[in-house]
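**Student:** No sequence on hand, only this structure:
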Ligand SMILES: [Cu+2]
């Protein structure tokens, strides 16, 4: 094993439990940037009020291969009239396979979230925005 493979394997061993119990998974959103395609997935295929486990997958836009993008964060905000934007975020952990990350996020109410995903690692730095409804 290369050192990187060993590291990824070690991370997967420690953090891999995130999505282990999913019977199936569906795509909530796909967003293409210049270099990578970011896919947001969960068991139900939608976000609900309360706690949500989810996964983010990164593939290269050209080769369609999984990309290790390093450290990944996901932040959400919802603008509501008469109050400060509601903010919720998650730090993601590498899952069992390269280019796949898992996290948990909690929403106190329903409504459409503006989602910002950012990454920083060996393949470079980047971010992208898209919106996801919370039902
Ligand atoms: Cu709200």
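**Tutor:** Sure thing, it's come through. Because the structure is predicted, anything quoted here is derived from the model rather than measured. Residues are numbered from 1 along each chain as shown.
**Student:** tell me which parts of this structure are close to the ion?
**Tutor:** Applying Cβ under 5 Å from the ion, one finds that the chain approaches the ion through 78, 80, 86, 109, 111. Glycine gets a C-beta too; all of them are placed from N, C-alpha and C.
**Student:** So which of these wins on neighbours?
**Tutor:** residue 78 (19 neighbours; other Cβ atoms under 10 Å).
**Student:** Low-confidence bits of this protein, can you list those?
**Tutor:** Scanning the chain for pLDDT under 70 picks out the ranges 1-20.
**Student:** got a list of what the closest residue to residue 22 other than its chain neighbours touches?
**Tutor:** Once flanking residues are discounted, residue 22 sits nearest to residue 43: 4.3 Å by Cβ to Cβ, 6 or more residues apart in numbering. Applying Cβ atoms under 8 Å, 6 or more residues apart in numbering, one finds that residue 43 lies in contact with 19, 22, 23, 24, 25, 26, 53.
**Student:** any idea where the strands of this protein begin and end?
**Tutor:** Taking DSSP state E as the criterion, the chain carries its strands at 26-32, 36-42, 50-60, 71-80, 83-91, 93-94, 100-107, 111-121, 124-134.
**Student:** partners of the shortest one in the sheet?
**Tutor:** In other words, strand 93-94. Taking DSSP bridges as the criterion, strand 93-94 pairs within the sheet with strand 100-107 (antiparallel).
**Student:** before we move on, what about the second one?
**Tutor:** Partners of strand 36-42 in the sheet, by DSSP bridges, are strand 26-32 (antiparallel), strand 50-60 (antiparallel).
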